[in-house]
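here are the coordinates; sequence isn't available:
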Ligand SMILES: NC(=O)C1=CN([C@@H]2O[C@H](COP(=O)(O)OP(=O)(O)OC[C@H]3O[C@@H](n4cnc5c(N)ncnc54)[C@H](O)[C@@H]3O)[C@@H](O)[C@H]2O)C=CC1
Ligand SMILES: O=C(O)C1=N[C@H](C(=O)O)C[C@H](O)C1
């Protein structure tokens, strides 16, 4: 089978750089092009592929897949351009609002698209198990999610923490918008039954930690996922890049679809 040509957005970013270094050593992939802002392109010429500012310059590459870990406005822009040219797209950007996610669903009718707020196998395995845990524990266990990330992260809470909390709420047939609590300060009174707390810590160079707490009478469960390096996320994204090209347009695919 021939190598899948990949185009990497934000190539000098923390994720873009990890993806580029991994893709160039993967025999099933061909690093076909890099996209980065003017003034941030230093060192990228060393990859030996075209380096551009506008992804449209690369969308004619036959069989190409675009990978995007940048920022919401950039992701929405590249999604529109990829849809226009029917180029498959894998996105990991977080901080997208519901309107933006709805727009991605619409654009996915024109080309296969994949989005996941966390591309690690571990977090996605946890998402699979949580509904059973919540159902078995019942309503007497208070549910909280806590996340820690490096000091450069721009969005809060993390996309993963939101996804975990949405999963917990859904397991109780609730919407996170109705039961989520995103900050506590001052005389807040007793914790309302059924509330799902989501708390954010920021500092240092933490790659990404997430803990789900189930706090019950006489006991508690704490489940923690810690990413040891960004390669964990990048390997999920590169696997998605190899997978997405053979999927039909029509919906926004995610890790659960790929992992089966
Ligand atoms: N889904 C997942 O598994 C993961 C998601 N993320 C998310 O990925 C996103 C990026 O994270 P980082 O790599 O840490 O950020 P970063 O700030 O290190 O990298 C973003 C890169 O995008 C570039 N960029 C900005 N505008 C651009 C444009 N118009 N065209 C091309 N490049 C442009 C920036 O110059 C920068 O190099 C965040 O939303 C983060 O939450 C991060 C890790 C894992
Ligand atoms: O910005 C990051 O670094 C990460 N972002 C993702 C998120 O918001 O959940 C995934 C990962 O935890 C790293």
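Now that the structure is in, tell me what you want to look at. For clarity, every value in this text was computed on a predicted model and none was experimentally measured. Ligands and ions are numbered 1, 2, ... in the order given.

what does this protein put close to ligand 2?
94, 117, 118, 149, 153, 158, 159, 160, 208 (C-beta under 6 Å from any ligand atom). C-betas here are computed from N, CA, C, even on glycine.

Format those residues as a markdown table; extra columns: secondary structure, distance to ligand 1 and neighbour count.
Listed next are the residues of the chain next to ligand 2 as a markdown table, based on DSSP: H, G, I helix; E, B strand; the rest coil; distance: C-beta to the nearest ligand atom, whole Å; neighbours: other C-beta atoms under 10 Å:
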| residue | secondary structure | distance to ligand 1 | neighbour count |
| --- | --- | --- | --- |
| 94 | coil | 4 | 24 |
| 117 | coil | 5 | 22 |
| 118 | coil | 5 | 26 |
| 149 | strand | 8 | 25 |
| 153 | coil | 6 | 18 |
| 158 | coil | 7 | 24 |
| 159 | helix | 6 | 18 |
| 160 | helix | 7 | 27 |
| 208 | coil | 7 | 23 |
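
In contact with residue 151, which residues?
With C-beta atoms under 8 Å, 6 or more residues apart in numbering as the criterion, the residues that contact residue 151 are 202, 203, 204, 205.

from those residues, which ones fall inside helices?
Taking DSSP state H, every one of the contacts of residue 151 sits outside helices.

For these, which single residue is the most surrounded?
Tallying neighbours with other C-beta atoms under 10 Å puts residue 202 at the head of those, with 14 neighbours.

Just give the closest residue to that one, not the sequence neighbours.
Beyond its immediate neighbours in the sequence, the residue positioned closest to residue 202 (C-beta to C-beta, 6 or more residues apart in numbering) is residue 151, lying 5.5 Å away.

ok, now how distant is that neighbour from ligand 1?
Counting by C-beta to the nearest ligand atom, to the nearest Å, the gap from residue 151 to ligand 1 is 11 Å.

Mind telling me what element that residue is part of?
Assigned by DSSP states H and E, residue 151 falls within no helix or strand.

where along the stretch 151-260 of the chain do the helices fall?
Assigned by DSSP state H, counting those that start in this stretch, the helices in the stretch 151-260 of the chain fall at 159-171, 176-179, 231-244, 255-259.

Report the contact partners of residue 78.
Taking C-beta under 8 Å, 6+ apart as the test, what residue 78 contacts is 9, 35, 55, 66, 68, 70, 89.

change it to 10 Å
Neighbour list for residue 78: 7, 9-10, 35, 54-56, 59, 66-68, 70, 87, 89, 91, 93 [criterion: C-beta atoms under 10 Å, 6 or more residues apart in numbering].
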